[in-house]
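Colleague: Could you work out the structure for the sequence below:
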Amino acid sequence: MSIDQGTTSSRAILFDHRGRPAGSEQVEHEQIFPRPGWVEHNALEIWRNVRRVTASALASIDVKPVDIRACGITNQRETTVVWDRRTGVPVYNAIVWQDTRTAELCERLAGDAGPDRYRARTGLPLSTYFAGPKLVWLLENVSGVRARAEAGDLCFGTMDSWLAWNMTGGVNGGEHITDVTNASRTMLMDLRTLDWDAEICADFGIPMSMLPKIHSSSEVYAPLRAKGSLPGVPLAGILGDQQAATFGQACLSPGQAKNTYGTGNFLLLNTGNEPVFSDHGLLTTVCYQIGEAPACYALEGSIAVTGSLIQWLRDNLGLISSASEVEEIAASVDDNGGAYIVPAFSGLFAPRWRPDARGVVVGLTRFINRGHLARAALEASAFQTREVIEAMEADSGVTLTTLKVDGGMVVNDLLMQFQADLLGVPVIRPVVSETTALGAAYAAGLAVGYWSSADISDNWAEDKRWLPQMPDDRRALLYSEWNRAVEHSLDLA
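Modeller: All right, here's what the predicted structure looks like:
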């Protein structure tokens, strides 16, 4: 059983020994936007939804908890929740990874050293993206939180910690834990020691009693609570969603990479057992750690808005009635008509790291219709992916020959063909495209001996391949126009 707690929904998926989905359930949760740039979730709603989808997934194929060998969790990373360890009640809504309220706070924490103040230890620039500054905001801005934290009454965690605590007992002895991949997204963990950095916590004013215990990504942590949907089933795997997708794509050797097309896009390159630091705007992160084996690291390019741009067309503009409709509308025109959408709703992430950027639509004429805008929205994902891949090639010295893809948007043939055209390399989709959930299942299954590492590689199978068809001069022109559009998005915050 894999619990996939994402930015827009929570899912439970059951996988068989071949790594194929056997049953599943999914429920969306509310997206809360209190102010421009603020994004929140109701953590209690998410916990209710996780209980619901877990029970429904079991019912979907009529299996019993005794049939489940292990459970793994994968989660939206960096989204931050603080709760009372005695009552289980959050002190505030969860602050989502996309939220930009900590921009000024990050400048203050950077001081004279600038945004790279902690990069050598954490692999991360000071940015609104990460969990540590969100925790500082909660301590400084929610009444009574600092006093309760210093008294030892509060727990901090990303969504994996929140779920693991509740699933293993909550107020009745729940385990306050996280794994190395999620801890590496807080800005509070030393990449080399894989432990909380006391000096950074002191600089941020964070009581270390709030922090969960850091574990590997694959080990038996605890049995699930007796009153839940999976009583006694071992919780045995935790991976942040993008690391889970890397694992599910069987990128287990240095030099292997994947790109996930979800709410945002996330490209990870396995760099082996030593952290590699970027000169081109990429993040250094923990890729995974299996039991007591040395940790494996990755370079990551994070793009804030890709799939959520399609949601925006649907929910905010009413331009489409469903996300699946966007491909048909985009295919009604031959190209973007000269229109480009730069979806810098939360600033720009990798490789530019410009929190001052905001979204723009460039190149509008009377000729432009909704087909051109739908196409421009899809193409924005591909353009941003090329930026990240160029940065990754520059850092690693390795030239991309193929791109493995996964996530909800890879069912879109028009987008995948455009991505192949823009990169000039084949794009490959696996049979199981929801590799995030699969990766968490693999981590849990490895810990209890259900799978071996060889099984993970053997289970991977190609479903479809897109080959580049665009002439070189056309590719260069489109990318040049995209870069010019991005320039218009800067300095608008």
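Colleague: So for the helix ranked longest in the chain, what gets flagged as buried?
Modeller: Determined from DSSP state H, the single longest helix within the chain is helix 370-396. Counting neighbours by 16 or more other C-beta atoms under 10 Å, one finds that the buried residues in helix 370-396 are 371-392, 395-396. C-beta: built from backbone N, CA, C; applies to glycine.
Colleague: again, but for stretch 470-486
Modeller: Judged by neighbour count using 16+ other C-beta under 10 Å, the buried positions of stretch 470-486 are Met470, Arg475, Leu478, Tyr479, Glu481, Trp482, Ala485, Val486.
Colleague: pretty sure the first one is touching Asp421, no?
Modeller: It refers to Met470. Yes: Met470 lies in contact with Asp421 (C-beta atoms under 8 Å); the separation is 3.6 Å.
Colleague: Read off the pLDDT value for the residue lying closest to Ile32 once chain neighbours are set aside.
Modeller: Nearest residue to Ile32, sequence neighbours excluded (C-beta to C-beta, 6 or more residues apart in numbering): Glu40, at 4.1 Å. pLDDT, the model's per-residue confidence, is 96 for Glu40.
Colleague: With the one 10 residues further on instead?
Modeller: On pLDDT, Val50 comes in at 95.
Colleague: Where does it sit: helix, strand or coil?
Modeller: Judged by DSSP: H, G, I helix; E, B strand; the rest coil, the three-state class of Val50 is helix.
Colleague: residues contacting Gly123?
Modeller: Residues near Gly123 by C-beta atoms under 8 Å, 6 or more residues apart in numbering: Ser184, Leu191, Pro275, Phe277, Leu283, Thr284, Thr285.
Colleague: now, the most widely separated pair of these?
Modeller: Farthest pair in those (C-beta to C-beta) is Ser184 and Phe277. Separation: 13.4 Å.
Colleague: quick one, which of these two is more surrounded?
Modeller: A direct count of neighbours by other C-beta atoms under 10 Å for Ser184 and Phe277 places Ser184 higher, at 32 against 15.
Colleague: Now for that one: which residues touch it?
Modeller: Applying C-beta under 8 Å, 6+ apart to Ser184 gives the contacts Thr122, Gly123, Leu191, Thr285, Val286.
Colleague: Quick check: the gap between the second one and Asp195.
Modeller: So the one you mean is Gly123. As judged by C-beta to C-beta, to the nearest Å, Gly123 and Asp195 stand 15 Å apart.
Colleague: Return the member of the buried residues of stretch 470-486 nearest to Gly157.
Modeller: Gly157 has its nearest neighbour among the buried residues of stretch 470-486 in Val486, at 34.8 Å by C-beta to C-beta.
Colleague: Can you tell me the closest non-neighbouring residue to the closest one?
Modeller: Nearest residue to Val486 in three dimensions, chain neighbours excluded: Val342, at 5.3 Å (C-beta to C-beta, 6+ apart).
Colleague: For the one you found, which residues count as its bridge partners?
Modeller: Under the criterion DSSP bridges, Val342 forms beta bridges with Val360.
Colleague: Could you single out the nearest of the contacts of Gly123 to Ser321?
Modeller: Comparing the contacts of Gly123 against Ser321 with C-beta to C-beta places Leu283 closest, at 36.0 Å.
Colleague: Just give the closest residue to the closest one, not the sequence neighbours.
Modeller: Glu300 is the one closest to Leu283 (C-beta to C-beta, 6+ apart), at 4.5 Å.
Colleague: Ok, Arg146 next?
Modeller: Spatial nearest neighbour of Arg146, excluding adjacent residues (C-beta to C-beta, 6+ apart): Leu139 at 4.8 Å.
Colleague: what residues are up against the one you found?
Modeller: For Leu139, the contact set (C-beta under 8 Å, 6+ apart) comprises Val145, Arg146, Ala149, Gly205, Ile206.
Colleague: List just the nearest of those to Leu446.
Modeller: Comparing these against Leu446 with C-beta to C-beta places Ile206 closest, at 32.4 Å.
Colleague: where does that closest one fall, phi/psi-wise?
Modeller: Dihedral pair for Ile206: phi -100, psi 120, per degrees, to the nearest 10.
Colleague: Quick check, it in contact with Met187.
Modeller: No: in this structure Ile206 lies outside contact range of Met187 using C-beta under 8 Å: 10.3 Å.
Colleague: any shared contact partners between the two?
Modeller: Residues touching both Ile206 and Met187 (C-beta under 8 Å, 6+ apart) are Gly132.
Colleague: who's more crowded, these two?
Modeller: Neighbours were counted for Ile206 and for Met187 using other C-beta under 10 Å; Met187 has more, 29 against 22.
Colleague: all helices in the stretch 301-450 of the chain, in order from the N-terminus.
Modeller: Counting by DSSP state H, counting those that start in this stretch, the segments of the stretch 301-450 of the chain that form helices are 307-315, 326-330, 370-396, 413-423, 435-447.
Colleague: Could you export the first one as PDB, keeping only the C-alpha atoms?
Modeller: Below are the C-alpha coordinates for helix 307-315, written out as PDB (Å, rounded to 0.1, in the frame of the first residue of the first chain):
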ATOM      1  CA  GLY A 307       0.200  21.300 -14.000                       C
ATOM      2  CA  SER A 308      -1.200  23.900 -11.700                       C
ATOM      3  CA  LEU A 309      -1.200  26.300 -14.700                       C
ATOM      4  CA  ILE A 310      -3.700  24.000 -16.300                       C
ATOM      5  CA  GLN A 311      -5.800  24.100 -13.100                       C
ATOM      6  CA  TRP A 312      -5.600  27.900 -13.200                       C
ATOM      7  CA  LEU A 313      -7.000  27.900 -16.800                       C
ATOM      8  CA  ARG A 314      -9.800  25.800 -15.500                       C
ATOM      9  CA  ASP A 315     -10.600  27.200 -12.000                       C
END
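Colleague: Give me the number of neighbouring residues for Gln311.
Modeller: Neighbour count for Gln311, taken as other C-beta under 10 Å: 16.
Colleague: er, Arg225 actually
Modeller: There are 20 residues near Arg225, going by other C-beta under 10 Å.
Colleague: Test my guess that it contacts Leu235.
Modeller: No: the pair Arg225 / Leu235 is not scored as a contact, 9.9 Å apart, by C-beta under 8 Å.
Colleague: Give the intersection of the neighbour lists for those two.
Modeller: Counting by C-beta under 8 Å, 6+ apart, the common neighbours of Arg225 and Leu235 are Met167, Thr168.
Colleague: Stretch 238-257: how far from the chain's middle?
Modeller: Centroid separation between stretch 238-257 and its chain, computed with C-alpha atoms, centre = their mean, to the nearest Å, is 12 Å.
Colleague: for that stretch, how far is the first residue from the last?
Modeller: Stretch 238-257 has its terminal residues 20 Å apart, counting by C-alpha to C-alpha, to the nearest Å.
Colleague: I appreciate the help and will end here.
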